[in-house]
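# no sequence for this one, just the structure:
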């Protein structure tokens, strides 16, 4: 019983009712001008439905009233776009004809069935009917009172049935075309890629800042040197401020998708990143060959993040051990090589969010990343091609 009564409590049932009876307005006006079956309106729907903008208007109405839960969603089953092919135009014509038919059925039922309930009330009260109802030829009787809700229940069942039929037809006739589905899929893919990129950005930036802060704070607590403590606190402050700026930039992009993203750090500022690691007590032996300023922006940004994550892993897992960094800009590719000695705390697996993020960055740029233990050292070796990068 609950399953049969559930549609009566659903708001979509009544929004679909509005959608079903709304065409009765022009039909009623036409009947006032020309009584009889409104075949002329059915014929008029053919040239009207061939107009590209009609599919747009019908799609907006159908999505708003028939499937309100899908409104403004990229995976909506009813399209909101003008007709661009003859197939879409003729499907719109068929939709208009079906909508007029359903509107006529539901519109007549909406008037006639409640009137029948009124007739039952009058017949049960003994006052009789005089306007042609089905109780006109019957003698008034009190037991007619049990028949009063039946026409109303029949009306609601008809509305639910026709609403579902109209929704299924709208999805079939006004649904997105192949090109629209492809565009929606591309948009969803772009959104997923952007979310994945933002997750990597946050992991690399915030993870690096927290690791540096933890290492610096631990060193400052054990060191009996005010000058070292001052430098450690300064490094924590600078690193935390940079992380906050990164966090604010990412949150701005999330809050305002159309807002331009602020400039992200690149390998041009690699010395600042290396100084931050050195300030944590790590001996960094860095060697740079080639001109970092000539790298494409996209490659330089991703290279910076890969190097940042490599230094973060070295600080987090190996502690203050010597780290060797080699950055080479060759004719057609960029080479990044970061190594540090393996310790008891060093990871023995090349899995993890940060390591996976390195591989994803390299793969998106058409390059390769090799991460893991090698000859007593933990090595991150990344090769990124310069071609086709802009």
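On my side now, so go ahead. Just so it is clear, the structure is predicted and the values come from calculations on it, not from any experiment.
# Quickly find the element holding residue 79.
Of the helices and strands defined by DSSP states H and E, none includes residue 79.
# do you know how far it is from residue 311?
To residue 311, residue 79 is 50 Å away according to Cβ to Cβ, to the nearest Å. All C-beta atoms are positioned from the backbone trio N, CA, C, and that covers glycine.
# try residue 71
Distance, residue 71 to residue 311, using Cβ to Cβ: 47 Å.
# neighbour-wise, which of these two wins?
Neighbours per residue (other Cβ atoms under 10 Å) separate residue 71 from residue 311, with residue 311 holding more: 25 against 13.
# The more buried one and residue 317 touch, don't they?
No: if you go by Cβ atoms under 8 Å, residue 311 and residue 317 don't touch, sitting 11.3 Å apart.
# low-confidence ranges in the stretch 51-200 of the chain?
In the predicted model, the stretch 51-200 of the chain carries pLDDT under 70 at residues 74, 126-144, 179-200.
# Do a quick rundown of the helices in it.
52-65, 86-125, 149-173, 178-222 (DSSP state H, counting those that start in this stretch).
# how distant is the first one from the center of its chain?
Its chain's C-alpha centre lies 22 Å from the corresponding centre of helix 52-65 when counted by Cα atoms, centre = their mean, to the nearest Å.
# Now residue 76. Its backbone dihedrals?
Here is the backbone geometry of residue 76 (degrees, to the nearest 10): phi -60, psi 140.
# so it sits right up against residue 66, yeah?
No: taking Cβ under 8 Å as the definition, residue 76 is not a contact partner of residue 66, at 10.9 Å.
# who's more crowded, the two?
Applying other Cβ under 10 Å to residue 76 and residue 66 shows that residue 66 carries more neighbours, namely 24 against 20.
# could you list every residue that touches the closest residue to the more buried one other than its chain neighbours?
Leaving aside its sequence neighbours, residue 66 sits nearest to residue 167 (Cβ to Cβ, 6 or more residues apart in numbering; 4.6 Å). Residues near residue 167 by Cβ atoms under 8 Å, 6 or more residues apart in numbering: 16, 62, 66-67.
# what about the nearest residue in space to residue 169 that is not next to it in sequence, how many residues close to it?
Nearest non-adjacent residue to residue 169, counting by Cβ to Cβ, 6+ apart: residue 98, 5.5 Å away. Neighbours of residue 98 under the rule other Cβ under 10 Å: 16.
# what's the domain layout of the protein?
With domains defined by automatic domain parsing, the chain comprises 2-176, 182-385.
# returning to what we had before: columns distance to residue 269 on top of the helices of the stretch 51-200 of the chain, output as CSV?
Output for these, formatted as CSV (distance: least, Cβ to Cβ, whole Å):
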stretch, distance to residue 269
helix 52-65, 48
helix 86-125, 52
helix 149-173, 53
helix 178-222, 13
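# how about the ones you listed, which one is nearest residue 268?
Proximity to residue 268 (Cβ to Cβ) singles out helix 178-222 among the helices of the stretch 51-200 of the chain, at 17.0 Å.
# Enumerate every residue touching the closest residue in space to residue 65 that isn't next to it in sequence.
Leaving aside its sequence neighbours, residue 65 sits nearest to residue 19 (Cβ to Cβ, 6+ apart; 3.9 Å). Contact analysis of residue 19 by Cβ under 8 Å, 6+ apart lists 61-62, 65-66, 163, 166.
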